[in-house]
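> Provided below are the primary sequence and the corresponding predicted coordinates.
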Amino acid sequence: MTQIKACLFDLDGVIVDTAVYHFQAWRRLANELGFDFTEHQNEQLKGISRMESLELILGWGGVQLSEAEKLAWATKKNEWYLALVMQMTPNEILPGVQAFLTTLRDNGIKIALGSASKNSKLILERIEMLSFFDAIIDGNNITKGKPDPQVFLMGAEAVGCTPAECVVFEDAVAGIQAAKAGGMKAIGVGSADVLTQADFVIASFEEMSVEKL
Ligand code: B16
Ligand code: MG
């Protein structure tokens, strides 16, 4: 069995729950365009890029915009979202995350981020976790979103490990698919009923230990 030398973490839904802030900002955009959508619909936006999210939302509202208008609305949404992110504190780190990352660091296991977000560094700064990460691969570095394995393959390379030496932690189905497509072990964070392709699923990092890697 290959020894695990690195853990790659998704951000939203794994380290912290920024989905609530994305929802507020996207909902404001929808409302200003004259429609609304539900928290249930918001689930479909988890793990996908900003522009892909916008396309889905405009589809729900039956709104057609030019490419320039889409960019302008995406920029506005990001400004509203960042105003919420700027208020985040370390209290919002999900349960057990800090303790688990500390154990990884103490055991010499590399830590990398693999997120679709273009705001990941800012979020990690706000929650005071930036220094835990040996590498950050996010929406600013990738050309292909999850379920493409690019983000995790780049993460593995950045910490000098092969895919077989990496474990990915993900809350989204597309993220688990990306990890498996990259030849990595995938641990789901959330519900086993949803994350069926994961090697195993934890409800929270309070259940996680280095031995389980
Ligand atoms: P931004 P993850 C994803 O984060 C979010 O789940 C998704 O809802 C968001 O659209 C995407 O980041 C892009 O975020 O607008 O900040 O670039 O789960 O990949 O960490
Ligand atoms: Mg996520």
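Received, thanks. This structure is a prediction, so every number in the text was calculated from the model and none was measured. Residues are numbered from 1 along each chain as shown. Ligands and ions are numbered 1, 2, ... in the order given.
> now do the strands in the chain.
With DSSP state E, the ranges of strands along the chain come out as 6-9, 110-114, 135-137, 166-170, 185-189, 200-202.
> redo the ones you listed as JSON lines? Include mean neighbour count and distance to Glu92.
C-beta coordinates here come from the backbone N, C-alpha and C atoms, glycine included. Below are the strands of the chain laid out as JSON lines (neighbours: other C-beta atoms under 10 Å; distance: least, C-beta to C-beta, whole Å):
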{"stretch": "strand 6-9", "mean neighbour count": "26", "distance to Glu92": "15"}
{"stretch": "strand 110-114", "mean neighbour count": "26", "distance to Glu92": "16"}
{"stretch": "strand 135-137", "mean neighbour count": "21", "distance to Glu92": "19"}
{"stretch": "strand 166-170", "mean neighbour count": "27", "distance to Glu92": "17"}
{"stretch": "strand 185-189", "mean neighbour count": "24", "distance to Glu92": "15"}
{"stretch": "strand 200-202", "mean neighbour count": "17", "distance to Glu92": "19"}
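> how about the residues of this protein near ligand 1?
Counting by C-beta under 6 Å from any ligand atom, the chain comes close to ligand 1 at 10-13, 22, 45-50, 53, 78, 115-119, 139.
> buried members of the residues you listed into PyMOL, please.
Provided next is the PyMOL selection string for whichever of those are buried by 16 or more other C-beta atoms under 10 Å:
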select buried, resi 10+11+12+13+22+45+46+47+48+49+50+53+78+115+116+117+119+139
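> for this protein, which segments count as helices?
Ranges of helices in the chain, per DSSP state H, are 19-32, 39-42, 50-61, 67-85, 97-106, 120-126, 150-158, 173-181.
> any chance of the ones you listed in CSV with distance to ligand 2 and mean pLDDT as columns?
Shown next, in CSV, are these (distance: least, C-beta to the ion, whole Å; pLDDT from 0 to 100):
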stretch, distance to ligand 2, mean pLDDT
helix 19-32, 8, 98
helix 39-42, 13, 92
helix 50-61, 12, 98
helix 67-85, 15, 98
helix 97-106, 13, 98
helix 120-126, 11, 98
helix 150-158, 11, 98
helix 173-181, 6, 96
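> so which of those is nearest Glu206?
Glu206 sits nearest to helix 97-106 of all the helices of the chain, at 8.1 Å, using C-beta to C-beta.
> got the strands of the chain as CSV, with mean pLDDT and distance to Phe100 columns?
Formatted as CSV, the strands of the chain follow (pLDDT from 0 to 100; distance: least, C-beta to C-beta, whole Å):
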stretch, mean pLDDT, distance to Phe100
strand 6-9, 98, 9
strand 110-114, 98, 10
strand 135-137, 98, 18
strand 166-170, 98, 9
strand 185-189, 98, 11
strand 200-202, 98, 10
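> out of these, which is closest to ligand 2?
strand 166-170 (6.4 Å; C-beta to the ion).
> can you list the strands that that closest one pairs with?
strand 6-9 (parallel), strand 185-189 (parallel) (DSSP bridges).
> in a markdown table, list those along with distance to Asn107.
Output for these, formatted as a markdown table (distance: least, C-beta to C-beta, whole Å):
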| stretch | distance to Asn107 |
| --- | --- |
| strand 6-9 | 10 |
| strand 185-189 | 16 |
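> anything in stretch 195-207 near ligand 2?
No. Judged by C-beta under 5 Å from the ion, stretch 195-207 stays clear of ligand 2, getting no closer than 11.2 Å.
> right, and Ile48 touches Ala174 too?
Yes. Between Ile48 and Ala174 there is a contact under C-beta atoms under 8 Å: 6.9 Å.
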